[in-house]
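Asks: Sequence plus predicted model, see below.
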Amino acid sequence: MKELYLIMRELLEVEYNQKSLLYIMEMLETAYNEGEREASGLAVNGVRYYLAVLHKDLGTVINKLDIYMAEGAKKS
């Protein structure tokens, strides 16, 4: 059960990071409309970073969940 709580916590962290990414994207949209290229460049780099982190974190969490479920199936 403890493992499931850890997995849920990690999924919540991914959700938080997704919301952060949405904020950056909204900032990028605003900066682009105002013609501020430097700010939009920073936002693009932020988006790239968050996408890489989210991809890695989500893969890790899914693997943990798969392992947990496989171990549960072996016990049954």
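Replies: Here it is on my side, so go on. Numbering: from 1, shown residues only.
Asks: make it CA atoms for all contacts and neighbour counts henceforth
Replies: OK.
Asks: So, low pLDDT: which residues of this structure?
Replies: Confidence mapping of the chain against pLDDT under 70 gives the ranges 33-36.
Asks: That one: helices as residue ranges?
Replies: Assigned by DSSP state H, the chain shows helices spanning 2-34, 37-75.
Asks: May I see the buried residues of the longest one?
Replies: When you say that, I think you mean helix 37-75. 40, 43, 44, 46, 47, 50, 54, 57, 58, 61, 64, 65 (16 or more other CA atoms under 10 Å).
Asks: got it, and the shortest one?
Replies: For helix 2-34, the neighbour count (16+ other CA under 10 Å) marks 7, 10, 11, 14, 17, 21, 24, 25, 27, 28, 31, 32 as buried.
Asks: Just the closest of those to residue 70, please.
Replies: For these, the minimum distance to residue 70 (CA to CA) is 14.6 Å, reached by residue 7.
Asks: Give me the most central residue, this structure.
Replies: residue 54 (3.1 Å; CA atoms, centre = their mean).
Asks: For that one, give its distance to residue 11.
Replies: 10 Å (CA to CA, to the nearest Å).
Asks: now do residue 70
Replies: Using CA to CA, which is the criterion applied here, residue 70 is 19 Å from residue 11.
Asks: Residue 63 too?
Replies: 12 Å.
Asks: same deal with residue 53?
Replies: Distance from residue 53 to residue 11, by CA to CA: 13 Å.
Asks: hmm, back to that, need the buried residues of helix 37-75 in a markdown table (columns: distance to residue 2).
Replies: As requested, those are exported to a markdown table (distance: CA to CA, whole Å):
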| residue | distance to residue 2 |
| --- | --- |
| 40 | 42 |
| 43 | 37 |
| 44 | 37 |
| 46 | 33 |
| 47 | 32 |
| 50 | 28 |
| 54 | 23 |
| 57 | 19 |
| 58 | 19 |
| 61 | 14 |
| 64 | 12 |
| 65 | 12 |
